[in-house]
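In: Got a predicted structure plus its sequence, pasted below:
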Amino acid sequence: MSNLQAAVRGLASPSLSPEALCARLNALLCRNIASDRFVTLFYAHLDGPARQLRYVSAGHNPPFVLHRDGSHERLREGGLVLGVFANQSFKSGTVQLQSGDRMVLYTDGVTKRPTPKMKSSAKIACCKSCNRIQPEPQWKSRKIFSKPRHSSAADPGKTTRPCS
């Protein structure tokens, strides 16, 4: 995991698209990972002022965007897992975010071990639970979209913004 994090930090840049980052990571992992291993990854760029999220899901459970009006969408675009198929390509998706929208990312542990109380699928239960959470006050949303969170290791002069 720490090698993957280092690789992402080393490659990540606002000028490198999510699909290009995944292709480079995949090539790196195919050369360096055991044949019985693979990696799933969700990677995104957030354009805060435009409220647009460009993403790739490389074999990872597709996150949800829960819209303020109660609707939701799954972020499915991407490709297969990383580290298995050397010459695969990835397709990015884009989602337009609005004030009050929330994004829910989860691991496969959520869907593989549902509790006995869950009568519907774990993913639907997760979505319903998240809909009960009250949205953050408006000032917090503006603060998140207006302030940089951290610098990219690949280019310390550039900043990236959080996805929340």
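Out: Looks like it came in fine. Numbering: from 1, shown residues only.
In: in what helix or strand does the nearest residue to Tyr55 once chain neighbours are set aside lie?
Out: The spatial neighbour of Tyr55 that comes closest, neighbours along the chain excluded (Cβ to Cβ, 6 or more residues apart in numbering), is Ala44 at 3.7 Å. Just so you know, the C-beta spots here come from the backbone N, C-alpha and C atoms, and that holds for glycine as well. Applying DSSP states H and E as the criterion places Ala44 in strand 41-47.
In: Which residues outside that strand are in contact with it?
Out: Residues outside strand 41-47 that contact it (Cβ atoms under 8 Å, 6 or more residues apart in numbering): 4, 8, 14, 17-18, 21-22, 25, 52-60, 63, 75, 78, 82, 105, 160-163.
In: at 6 Å what do you get?
Out: Contact partners of strand 41-47, identified using Cβ atoms under 6 Å, 6 or more residues apart in numbering, comprise Pro18, Leu21, Leu53, Arg54, Tyr55, Val56, Ser57, Ala58, His60, Leu82, Arg161, Cys163.
In: Ok, stretch 84-99 next?
Out: 18-19, 22-23, 30, 38, 51-56, 65, 75, 77-80.
In: Can you point out the buried residues in it?
Out: Of the residues in stretch 84-99, those scored as buried under the neighbour-count criterion (16 or more other Cβ atoms under 10 Å) are Val84, Gln88, Phe90, Ser92, Gly93, Val95, Leu97.
In: Report the two of the residues you listed separated the most.
Out: For those, the maximum inter-member distance is 31.7 Å, found between Val84 and Leu97 (Cβ to Cβ).
In: returning to what we had before: just the buried residues of the contacts of stretch 84-99.
Out: The neighbour-count test (16+ other Cβ under 10 Å) applied to those identifies 18-19, 22-23, 30, 38, 53-56, 65, 75, 77-79 as buried.
In: Quick check: the farthest pair among those?
Out: Using Cβ to Cβ, the two most remote members of the buried ones among the contacts of stretch 84-99 are Cys30 and Val65, lying 30.8 Å apart.
In: Against Leu28, how distant is the residue lying closest to Phe64 once chain neighbours are set aside?
Out: With Cβ to Cβ, 6+ apart as the measure, Val104 is the residue that lies nearest to Phe64, at 4.5 Å, once sequence neighbours are left out. Computed as Cβ to Cβ, to the nearest Å, the Val104 to Leu28 distance reads 29 Å.
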